[in-house]
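Novice: Sharing a model that was predicted from the sequence below.
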Amino acid sequence: MNHTATGRCGLPADGNRACCFHLRRQHVPYLLVRVLFFCLLGLAPLVSSAATLYFPKGNLPLQEVVNRAAPGDTIIVAPGVYPFFYETLTIINESLHIKSSHGPEQTVLLGRGKGPVVSFSRGSKVILDGFTITSVASSRVLDLRGGGIYCAPESAPVIINNVIVGNAAVFGGAVYCDTLSAPVIQNNTIEKNSASVSGGGIYSFRSSGVISNNRLVENKAANSGGAIGGNRDGSRITNNIIWKNRAGFGGGISCDRSSTEISNNTIVLNHADYGGGIVVEKGSVRLTNMILWHNTKDELYLKQVGPAARPSYSLIGDGAFRGINGNIAKDPLFKNAEDGDFHLQPGSPCIDSGSIDPFYTDRDGSVNDMGAFGGPDVLPTNTLPPGKD
């Protein structure tokens, strides 16, 4: 029998190429449309614009507005006092900017001391900007972690331009940074908070946050770390004013088995039974470009640490490390220490006397000035007294 060869289209072999070409011309545009449609559908969340929401508006509480907001939204909060007496403002969203319209003087988040006023959940990277965060007295047992703010494990909130005052907890009277969190705590006034154990202002446990350009004043801890307490911590503590804080040990800062970097801080008139300025116990803390002045008892107390933890290029008032690693012990010549202005007068021995390592160079390109107003990380605008060295 004579069979005629056929192609995949069921036509004679000699027509196979023409038939397939005809099908491709018909089907390829349709397939491309389908592919493009689903690609654009998948990209839709990425190209959608973030919204600006205003509070108060309508009858929704702030917690509900936060819950309903989409990632990337900004919530502008009008002046007022917003109480959280029976709950915490819990922020689950990964990325929001929650900002007061008129700053912390007019916008208050008020708790009752039955837990943190604000709690950032795991994964949250929300910016909290421009509030007073405070608590009224409560007879209830203190919350364990964070009187003002709690940063959950693996959270990385940005806490900026706030006044955190009058809060209390067992650990972290104002702020508690939990395991593997990486908060940025910057340009805040942290004042008159207390901890029944450690970290009157901030307590950081196995965290790697950035604590910079803050003013920590008159905080207290019964045990350790009047202003800042750290345990097995890797945070970076820079350009802070730490003034008139109190603790059993480490009136200003206490570091326990930590790898913290402490640089360009001004630590003045803090009090403890030992280590009025700083206590370091074990660990590999790096101490440089600091001013420690009139802290009692002892400016700096080191326990069971190696040579790498010795301070360098710092003014240490009691002279314990004078002449070692570029350290000095002279009057720093503050502009007005009694009123809390720790800018340096012309002729201060701290000007251009910090580390010569380019990593620490001042913003104007000169050698590092010791203290809170030197180094590359100092903010041109902050909550500290105005002025320029």
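Specialist: Thanks, I have the structure now.

Novice: Tell me the pLDDT of Arg206.
Specialist: Looking at Arg206, its pLDDT stands at 97.

Novice: Was I right to think it contacts Asn231?
Specialist: Yes. In terms of CB atoms under 8 Å, Arg206 counts as a neighbour of Asn231; the distance is 7.2 Å. Any C-beta I mention is one placed from the backbone N, CA and C, and that applies to glycine too.

Novice: Neighbour count: the two, which is higher?
Specialist: Asn231 (21 against 17; other CB atoms under 10 Å).

Novice: Show the pLDDT at the more buried one.
Specialist: Reported pLDDT for Asn231: 97.

Novice: same question, Leu62
Specialist: pLDDT, Leu62: 96.

Novice: contacting residues around it?
Specialist: Phe55, Pro56, Val77, Tyr82, Leu89 (CB atoms under 8 Å, 6 or more residues apart in numbering).

Novice: Can you give me the neighbour number for the spatially closest residue to Ala309 that is not a sequence neighbour?
Specialist: Nearest residue to Ala309, sequence neighbours excluded (CB to CB, 6 or more residues apart in numbering): Val285, at 5.2 Å. Counted with other CB under 10 Å, residues neighbouring Val285 total 25.

Novice: ok, Val285 to Ile160 distance?
Specialist: 25 Å (CB to CB, to the nearest Å).

Novice: Kindly provide the whole-number mean pLDDT of the helix or strand Ala195 falls within.
Specialist: When elements are assigned from DSSP states H and E, Ala195 belongs to strand 194-198. Throughout strand 194-198, pLDDT has a mean value of 97.

Novice: in its sheet, what does that strand sit against?
Specialist: In the sheet, strand 194-198 lines up against strand 168-171 (parallel), strand 220-224 (parallel) (DSSP bridges).

Novice: Please convert the ones you listed to TSV, extending it with distance to Lys114 and mean neighbour count.
Specialist: Formatted as TSV, these follow (distance: least, CB to CB, whole Å; neighbours: other CB atoms under 10 Å):
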stretch	distance to Lys114	mean neighbour count
strand 168-171	11	25
strand 220-224	20	24
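
Novice: what about these, which gets the closest to Phe334?
Specialist: strand 220-224 (23.1 Å; CB to CB).

Novice: What are the boundaries of the strands in the stretch 251-389 of the chain?
Specialist: Here the stretch 251-389 of the chain has its strands, by DSSP state E, counting those that start in this stretch, at 253-256, 261-263, 266-268, 278-281, 286-288, 291-293, 300-303, 315-316, 334-336, 341-344.

Novice: Please, where are all the helices along the chain?
Specialist: 16-47, 62-68 (DSSP state H).

Novice: which of these has the lowest average pLDDT?
Specialist: Among the helices of the chain, helix 16-47 carries the lowest mean pLDDT (a mean of 43).

Novice: burial count for Leu333?
Specialist: Going by other CB under 10 Å, the residues that sit close to Leu333 add up to 15.

Novice: Same check on the one 10 residues further on?
Specialist: Around His343 there are 20 other residues, counting by other CB under 10 Å.

Novice: Looks like it contacts Val378 (just checking).
Specialist: No. With contacts counted by CB under 8 Å, His343 stays clear of Val378, the gap being 10.9 Å.
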